[in-house]
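Colleague: based on what follows, work out the 3D shape:
(chains A and B)
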Amino acid sequence: DAGVIQSPRHEVTEMGQEVTLRCKPISGHDYLFWYRQTMMRGLELLIYFNNNVPIDDSGMPEDRFSAKMPNASFSTLKIQPSEPRDSAVYFCASSFRGSGNTIYFGEGSWLTVV
Amino acid sequence: AQRVTQPEKLLSVFKGAPVELKCNYSYSGSPELFWYVQYSRQRLQLLLRHISRESIKGFTADLNKGETSFHLKKPFAQEEDSAMYYCALRGDSNYQLIWGAGTKLIIKP
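Modeller: Numbers count the residues shown, from 1 in each chain, chains lettered A, B, ... in the order given. Down below sits the predicted model:
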């Protein structure tokens, strides 16, 4: 398996624009996580899904953020409208409960909002 | 409340010196503890977990329930150990990890 695949790897966008980050989890994994990483706040869990159903979105900062998982092999994290303070690395991760709870991360999407 | 504390944001040691990255936790049940590592501009990856009781890249970590700690140790640091290290605890009520703030380890030549 190629691991968790994220796109785009890097994005620079202007304030107010819509940003869509994409994730393909490892095949067979039933949990998917979206994290945000910044120097100030470290690693924050935004939302996670189990079997495509959102379980906990309490980490989503505000209504400008939304996430979907239409099927087991695809998820999106959308920011609309984007703001400079959204600049961060966004990680997608997946796991299979039976694997001993190891979470496998993607390489991250580096977002810069100017 | 479940909490993971990594008291050092930055730790800098010389090559060949021992390294200890501290992790303390607050948890009322039987915890599962993990260390994840992130090398520069790379993805986070699992380094080790306490239930495996293994040594990875020379690192070990022992769960001390009395002190509620899970410190990461290596006797002789190498330059390639420079990275960001995160300690994490698995909660029992829902399937997610509680993360520490991370410690940036710099190994000086």
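
Colleague: got any ranges where chain A has weak pLDDT?
Modeller: In the predicted model of chain A, residues A:1, A:98-100 satisfy pLDDT under 70.

Colleague: ok, now with 90
Modeller: Scanning chain A for pLDDT under 90 picks out the ranges A:1-2, A:39-43, A:56, A:61-62, A:96-103.

Colleague: go on, chain B?
Modeller: B:1-3, B:27-32, B:40-42, B:49-56, B:62-63, B:65, B:90-98.

Colleague: distance check, B:Gly100 against chain A.
Modeller: As judged by CB to the nearest CB, to the nearest Å, B:Gly100 and chain A stand 8 Å apart. Heads up, the C-betas are built off the backbone N, CA and C, glycines and all.

Colleague: how about the residues of chain A near chain B?
Modeller: Remark: the part of chain A in contact with chain B comprises A:4, A:31, A:33, A:42-43, A:45, A:48, A:50, A:55-56, A:91, A:93, A:97, A:100-108, using CB under 8 Å from any CB of the partner chain.

Colleague: in strands only, show me the residues you listed.
Modeller: A:31, A:33, A:42-43, A:45, A:48, A:50, A:55-56, A:91, A:93, A:104-105 (DSSP state E).

Colleague: where exactly do the strands run in chain B?
Modeller: Under DSSP E, chain B gives strands at B:3-5, B:10-14, B:19-21, B:24-26, B:32-38, B:45-49, B:60-61, B:72-74, B:83-90, B:97-99, B:103-108.

Colleague: mean neighbour count added to the ones you listed, as a markdown table?
Modeller: Shown next, in a markdown table, are those (neighbours: other CB atoms under 10 Å in any protein chain shown):
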| stretch | mean neighbour count |
| --- | --- |
| strand B:3-5 | 16 |
| strand B:10-14 | 13 |
| strand B:19-21 | 19 |
| strand B:24-26 | 17 |
| strand B:32-38 | 23 |
| strand B:45-49 | 19 |
| strand B:60-61 | 21 |
| strand B:72-74 | 20 |
| strand B:83-90 | 23 |
| strand B:97-99 | 21 |
| strand B:103-108 | 17 |
